[in-house]
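Chemist: Prediction below, plus the sequence it came from.
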Amino acid sequence: MDSLPPAAARHLWIGLMTLASTITTLALACATPFPALAALAALHVRRQDGIILMLAAWAVSQGVGYCLLGYETTVENGVWAGTMALAAIASLLGADGAARLLPHAHPAVRLVVAYGAAFATFKMAVLAGAWALDSGWAAFAPDVMARQFGRYAMILAGLLALQHLADRSGRLRRAATA
């Protein structure tokens with residue numbers, strides 16, 4: 001099977017990961033796996049495309065939250081929405097920066113390091129929002145953080161499996177290099 005043109009492969013990859021994120025968001029009641037998406041994007045697409053993915057996943061997450069889960073349209077929720085957008089982008093930039101520090105490392109090592117950086121930068125950005133709003137502190141309890149880290153790691157494994165299936169189809173091989 002022929003590969004898609006590079007731009008089409010990138011767009012299809014972003015769409016596929018956004019769809020997978022949407023399914024996860026619905027399953028977890030709006031807990032979008034931004035660190036998992038960021039780590040995978042850091043290794044598979046250009047930074048610009050990773051940012052597009054993060055914003056697409058964020059937009060869908062907001063749609064799910066406000067349209068399907070009945071989130072209230074309050075100023076505080078609006079600020080949290082903006083915080084989550086910034087945290088999603090920070091997560092991607094953290095993962096991308098960490099992955100770039102290890103250009104010759106085994107891909108599995110790069111992925112683990114990118115995931116750790118993505119999770120840390122995501123949580124730091126959310127912490128800034130919690131501080132600004134003086135709310136959301138429960139998300140930083142050690143047991144909650146451990147559960148989130150583990151849950152997002154499992155989602156990353158699932159996204160990685162999806163990535164491998166897409167690679168095996170031959171259609172998306174050029175997404176990362178284009």
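Modeler: That came in fine, so what should we check first? This one's a predicted model, so the numbers in the text were calculated from it and none came from an experiment. Numbering: from 1, shown residues only.

Chemist: For the rest of this, base every contact and every neighbour count on C-alpha atoms.
Modeler: OK.

Chemist: show me where pLDDT drops low in this structure?
Modeler: For the chain, the stretches flagged by pLDDT under 70 are 1-3, 29-30, 170-178.

Chemist: Find the nearest non-adjacent residue to residue 160, please.
Modeler: Excluding the flanking residues, the one nearest residue 160 by Cα to Cα, 6 or more residues apart in numbering is residue 40, at 7.1 Å.

Chemist: Over to residue 77?
Modeler: residue 71 (8.0 Å).

Chemist: In three-state terms, label that neighbour for me.
Modeler: Look at residue 71: counting by DSSP: H, G, I helix; E, B strand; the rest coil, its state is coil.

Chemist: That one: neighbouring residues, count only.
Modeler: For residue 71, the count of nearby residues is 13 (other Cα atoms under 10 Å).

Chemist: try residue 138
Modeler: If we define neighbours as other Cα under 10 Å, then residue 138 has 11 of them.

Chemist: That one and residue 127, how far apart?
Modeler: Distance of residue 138 to residue 127, computed by Cα to Cα, to the nearest Å: 11 Å.

Chemist: Near residue 145, how many other residues are there?
Modeler: Residue 145: 15 neighbours (other Cα under 10 Å).
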